[in-house]
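A.B. asks: I would like the atomic coordinates for the input below:
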Amino acid sequence: MRLKHIKLVGFKSFVDPTKVPFPDQMTCVVGPNGCGKSNVIDAVRWVLGESSAKNLRGDAMTDVIFNGSNARKPVSQASVELVFDNSAGRIQGEYAAFNEISVKRLVTRDGQSNYFLNGSRCRRRDITDLFLGTGLGPRSYAIIEQGMISRLIESKPQELRVFIEEAAGISKYKERRRETENRMNHTRENLERLSDVREELGQQLDKLERQAAAAIRYKELKKQERQLKGELQALRWLKLDNQRQQLDAQYSEQQAELEKWQAQQSGDERGAIELKERAEELRSQVEQSQETMFTLGNEVTRIEQTLKHQHEIKAQREERLQRIQSELTQLESQLDEDKLQKEQLVEQEMMLEPQLEELAEQVEEVSEQAQLADENYRSWQQQQRSQQQKVRDIEQQHQQAQLKEQQLQQSRDYTEQQLDQINHQQQELKRQLGEVSSDSLQREFDEANERLNIAIERLQTTKQRLTDSREQVEQAQEAKRSVELEQNKVQANLQAIEQLLVKHQSGDDSADEWLETHYPNTPRVRDVLKAEAGWELAVEQFLYEWLDAAVLESAPERTESVAGLKLIWPSAGEPKPGTLASKVSGALRYWPPLQLCAVADSDEQAQKQVLEGDAEFAVSKQGNWHWPNGFMSSRIDSNTSQLQLQSQCESLKREQEELEGSLETTIQKLEQAHASQKEIEQELEREQEQQQAAQNDINKAEQQLSWAKQQQQQYTQQLERLSEQQSELEQKAEELNERIEEVALQREELNERLLESDAADDDSGDELERQASDKKEQLQALKSKQQQLSMQQQNITVQVQQLDTVLQRSEQRYQQLVDEKTTQQSSDGEENKQELEERLTELLDQRQQQETILQEQRAQLSELEHELSELNQGQSAVQMRIAQAKEALQSTEIEKAKLQERSQGVLEGLAETGMTLKTLLQELPQEAEEQPWQVNLENVQNKIKRLGAINLAAIEEAEAQRERKQYLDQQVDDLSSSLETLESAIRKIDKETRHRFKTTFDAVNNDLQVLFPKVFGGGSASLELTDDDLLETGVTIMARPPGKKNSTIHLLSGGEKALTALSLVFAIFRLNPAPFCLLDEVDAPLDDANVGRFCRLVSEMSESVQFIYISHNKVAMEMASHLAGVTMQEAGVSRLVAVDVEQAVAMTEA
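C.D. replies: Numbering: from 1, shown residues only. Reported below is the predicted structural model:
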């Protein structure tokens, strides 16, 4: 769909009739500022249903009407018409057949606003519904005007969500949801009214039933009726059980057949295994032969390499002899030099020995003199130390006396401090004893006990609530299990029917291939055939051979002779009453053969019609055919009728959907019950914590009360102990004073003795010390010289030893070289060459023999593989037999499943009577049959109907009221079912809305992440949800231009905001492109580089989207394939002019 042109009359500054054409995909509207370019954008928005004058840059809706100028008067009305090209069929519904769609809006001065669709007057809602899901709307992402960039990018999360919804096409879903909620409100009101009526009717019915309680006979008959119904159901079950036993026998035979073929398959598999083992053994032998071949080849190669290597060694040996002779010459010269050096070192060692003996005698003499001087000095030092020890003993006694005096003084001071502390403690204990009182603590204990009792009561209440909640959870779980069981039952029935339908729907492969080639996706008769209820057998009997036929819209241009090809094409006209065509709906009702077949409710009527000449042939409701000279019964059983099976299948699918809704409701209730249970458990934990806190408080109060009593007793005992300590310390203080006086006298006596022992020392000690020191220095000098000579002698000895080692090694090396030379000269490599050549010939013969053995083994292996292939082909045939046997078993299983379903229905009917099958079967006689029991049941029911003699008026009135109540109950059930259906519809709408919104959000987010770096030349951007609820969540946008950190959109510059908004809009367009996009000077805040990126992006998207944009930028003008100029030569009046690029640039610069 594309916008062809706009017609404006009296709209804002376009007072004259103006037609703005848009012939190409990119149209640029240019002109000076204030000439009315943006009025074109406002016109499109206004026609699409904009109701806010503020969004149209006005104060009232009448502001869109031309209000006059200096030269013109105001006009009375304004109109705008949009003409769309719908040749591609983008608009669906009743307007899908129109190639051109016109949308018009007209407003007058009195505020009346009218809409027109293709010239016909319509509602604003019709215009809105027409464009729902296309991306068009008064405030859609397809129209971006001045200032909208900032509003779009800075919009609230819920406002930004609207754009994603429009792109997702879920606007229509929201409208349907609102309508469904209104219907639900009406349904609930009707339920409330019916509930009031039912309550009043129930009271009346109770009174009537108490009056009819005397009708005992009526109860006895009802009991007989229930017994007969139960027995009748038991007889039906016996009949079905006999059929089941027959099917079980058939199933056993088929199972035996399957096992026979499976046993044959097992035997074939064992034979194949034996062949495979023999083949594997031969492969092993082949591998061993190949390995032997490989070993022989390696040995041949080795011998050939050895012969070659011997030749190379001979050349190397000659070269080695030359090197040995050269090295022998060098060693002889080196040995002579080393022997000469050794003789010189031995002579030096003999010269040092006399000098060392002379120094040893001098060292011994000086050592004796130094020892004598040292002994004299140590004797003097011993005398001095003895005298100093006496002085130190006296000083030590003096210090001990002084220290003892200080200790006694400290003890006295400490005792006095203890006395002061005892006095202070006595006063403090007396004060604390007065403060400790148990009365306040007793009150705290009583209050804590009361809080504990309250907490216990609350805890018991919460535990009871938890028990009730757990019972509700169990009930909800039981309900869920019941629904799931019913679901499984429906699913099993549905699968059985679908398997039967698949079995019936088998066509010819060649015909199917021809249809797929010439008429792909053509429906078959079975797919489009819809028969009136009760006439399925008759219609299917008539079309039995045509159910696989393809239904064409018109007669084919040509046909071909293809096996199994069947074609049907309906003709025009109305179906003839009284024919089989009147019992068929859809296009097939116009098929001529159906209009030739008369219909009748019974076989008698059908026979009468053909005999009287009313019809050439007729079909009865039971599917039997009648001709004037013939009759054919129905070939189709009611249980295998495809139409009835399809009807049952659709019914089961509807029931399955209802059960899914019921299961979802049950799961919600279960989740609510679980949540309630969890809340109560949390509350129970809090109550337990409060109880524990109260128990802790009472324990604490009890401990404090006990502690207070203990403290009182302890304080009294401490006062008594402190009094005793005070008396002991006072006595100790007197004793310490006496001892201090005694120690002071002893210290004075020691001072006198120390003065007497202080005597002067003579200078003899210094002279003795000097003599001892001189002798030690002389001795040290001699020892140093002796050590130097000894070191020199040792060095010479070491050098001699090293020369001996070198000489020994050189002589050894010389002998090795001589031996090696002799060995090299005597060795000869020709001795085993002949032996190797003979071995090589022998190995080549062995390899030839091994090749012959390997070829024979490979031939045997090929023969075994051929036998194995033939056996595999036989296995394929057995597998086909097994598949056929399994198919027969599956068919029998389907029949058994159908019997099981019918038996289940009988058991359900039996359960309604309240009796058990086992009891009824034991009580029934063996000769019991269904027909007599049915007659008895009908007799009892007739008797019940005839009961009227016993208070007949009360019974009839009660029955009437009961029927009325049943009718009301049915209405309540219908309304409840309708309410559930509406709730299910809302859930489906919400589910679809969530899915579409999530899918669209992810797609737009991905496209935004691709387009943003393309527009910015780097960076990244993404959309984020504000909430987990996809129905209510808002949408925010995060952007990070190149070189910046992640930030919200509000921190970006104006140009960055514009580019980000364009990236978002174009991302939406890529997902759900609107028919056109209007841009009003969106490139104004962009620099040249960003304008270039913007133009390239618009140019790329113009292949699928029509762009109409207003711009003052010459780069954007050059990009357009069509320019539309707007000028205001007359003040206040806009006109459209044709321009080229140069004129547009000149107008922009002006």
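
A.B. asks: give me the low-pLDDT residue ranges for the stretch 1001-1150 of the chain?
C.D. replies: Segments of the stretch 1001-1150 of the chain classed as low confidence (criterion: pLDDT under 70) are 1045-1049, 1139-1150.

A.B. asks: go with 80
C.D. replies: Confidence mapping of the stretch 1001-1150 of the chain against pLDDT under 80 gives the ranges 1043-1058, 1069-1074, 1085, 1138-1150.

A.B. asks: That one: helices as residue ranges?
C.D. replies: 1054-1071, 1088-1101, 1114-1119, 1141-1149 (DSSP state H, counting those that start in this stretch).

A.B. asks: which of the ones you listed sits most buried?
C.D. replies: Ranked by mean neighbour count, those are led by helix 1054-1071 with a mean of 23 (mean count of other C-beta atoms under 10 Å). The C-beta positions use only the backbone N, C-alpha and C, and glycine is treated the same way.

A.B. asks: tell me which strands and helices that helix is in contact with?
C.D. replies: When contacts are defined as 3 or more C-beta pairs under 8 Å, 6 or more residues apart in numbering; DSSP states H and E, helix 1054-1071 packs onto helix 148-153, helix 157-168, helix 952-1016, strand 1020-1025, strand 1035-1040, helix 1088-1101.

A.B. asks: Counting neighbours, what do you get for Asp446?
C.D. replies: Residues lying near Asp446 (other C-beta atoms under 10 Å) number 10.

A.B. asks: The helices of the stretch 1001-1150 of the chain: which one's closest to Glu837?
C.D. replies: helix 1088-1101 (82.9 Å; C-beta to C-beta).

A.B. asks: Could you tell me the angle between the closest one and helix 1054-1071?
C.D. replies: Interaxial angle of helix 1088-1101 relative to helix 1054-1071 (axes from the mean of the first three to the mean of the last three C-alpha atoms, to 10 degrees): 10 degrees.

A.B. asks: Can I get helix 1088-1101 in PDB? Just the C-alpha atoms.
C.D. replies: Extracted C-alpha coordinates of helix 1088-1101, given in PDB (Å, rounded to 0.1, in the frame of the first residue of the first chain):
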ATOM      1  CA  ASP A1088      27.000  16.900   7.800                       C
ATOM      2  CA  ALA A1089      28.500  13.500   8.700                       C
ATOM      3  CA  ASN A1090      25.300  12.300  10.500                       C
ATOM      4  CA  VAL A1091      23.100  13.700   7.700                       C
ATOM      5  CA  GLY A1092      25.000  11.600   5.300                       C
ATOM      6  CA  ARG A1093      24.500   8.500   7.400                       C
ATOM      7  CA  PHE A1094      20.800   9.400   7.800                       C
ATOM      8  CA  CYS A1095      20.400   9.800   4.000                       C
ATOM      9  CA  ARG A1096      22.000   6.400   3.300                       C
ATOM     10  CA  LEU A1097      19.700   4.700   5.800                       C
ATOM     11  CA  VAL A1098      16.600   6.300   4.300                       C
ATOM     12  CA  SER A1099      17.700   5.400   0.800                       C
ATOM     13  CA  GLU A1100      18.200   1.800   1.800                       C
ATOM     14  CA  MET A1101      14.800   1.500   3.500                       C
END
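
A.B. asks: Can you pull out the residues in contact with that helix?
C.D. replies: Contact partners of helix 1088-1101, identified using C-beta atoms under 8 Å, 6 or more residues apart in numbering, comprise 26, 1011, 1014-1017, 1055, 1059, 1062, 1066, 1069-1070, 1073, 1079, 1082-1083, 1086, 1107, 1109, 1113, 1115-1116, 1119.

A.B. asks: Next: stretch 240-256.
C.D. replies: Contact partners of stretch 240-256, identified using C-beta under 8 Å, 6+ apart, comprise 885, 888-889, 892-893, 895-896, 899-900, 902-903, 906.

A.B. asks: Switch the helices and strands packed on helix 1054-1071 over to JSON lines; also include distance to Glu259.
C.D. replies: Converted to JSON lines, the helices and strands packed on helix 1054-1071 look like this (distance: least, C-beta to C-beta, whole Å):
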{"stretch": "helix 148-153", "distance to Glu259": "74"}
{"stretch": "helix 157-168", "distance to Glu259": "58"}
{"stretch": "helix 952-1016", "distance to Glu259": "49"}
{"stretch": "strand 1020-1025", "distance to Glu259": "60"}
{"stretch": "strand 1035-1040", "distance to Glu259": "65"}
{"stretch": "helix 1088-1101", "distance to Glu259": "68"}
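
A.B. asks: Could you list the low-pLDDT ranges of the stretch 751-900 of the chain?
C.D. replies: Where the stretch 751-900 of the chain drops to pLDDT under 80, the residues are 751-847, 850-851, 854, 857-858, 861, 864-891, 893-894, 896-898, 900.

A.B. asks: if we can go back for a sec, how about the helices of the stretch 1001-1150 of the chain in JSON lines, adding distance to Trp261?
C.D. replies: Output for the helices of the stretch 1001-1150 of the chain, formatted as JSON lines (distance: least, C-beta to C-beta, whole Å):
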{"stretch": "helix 1054-1071", "distance to Trp261": "57"}
{"stretch": "helix 1088-1101", "distance to Trp261": "65"}
{"stretch": "helix 1114-1119", "distance to Trp261": "76"}
{"stretch": "helix 1141-1149", "distance to Trp261": "85"}
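
A.B. asks: Could you say which one of those comes nearest to Ser620?
C.D. replies: Of all the helices of the stretch 1001-1150 of the chain, helix 1054-1071 sits nearest to Ser620, with 58.1 Å by C-beta to C-beta.

A.B. asks: returning to that earlier point: the helices and strands packed on helix 1054-1071: which one's closest to Arg226?
C.D. replies: Arg226 lies closest to helix 952-1016 among the helices and strands packed on helix 1054-1071, at 17.6 Å (C-beta to C-beta).

A.B. asks: Would you map the helices across the stretch 101-250 of the chain?
C.D. replies: Under DSSP H, counting those that start in this stretch, the stretch 101-250 of the chain gives helices at 124-130, 148-153, 157-168, 171-211, 216-435.

A.B. asks: Taking helix 171-211 as reference, get the angle to the third one.
C.D. replies: Taking the same axes, to 10 degrees, one finds that helix 157-168 is oriented at 100 degrees with respect to helix 171-211.

A.B. asks: quick one: buried residues of helix 157-168?
C.D. replies: Of the residues in helix 157-168, 160-168 count as buried by neighbour count, 16 or more other C-beta atoms under 10 Å.

A.B. asks: Kindly report the same for stretch 5-23.
C.D. replies: 6-15, 18, 20, 22.

A.B. asks: That one: end-to-end distance?
C.D. replies: Using C-alpha to C-alpha, to the nearest Å, the span of stretch 5-23 from its first residue to its last is 8 Å.

A.B. asks: what does that stretch contact?
C.D. replies: With contact meaning C-beta under 8 Å, 6+ apart, stretch 5-23 is reached by 2-4, 29, 35-36, 39-40, 42-44, 46, 64-66, 72, 75, 77-83, 1076, 1106, 1108, 1122, 1124, 1128, 1132-1136.

A.B. asks: Distance from it to the middle of the chain?
C.D. replies: 54 Å (C-alpha atoms, centre = their mean, to the nearest Å).
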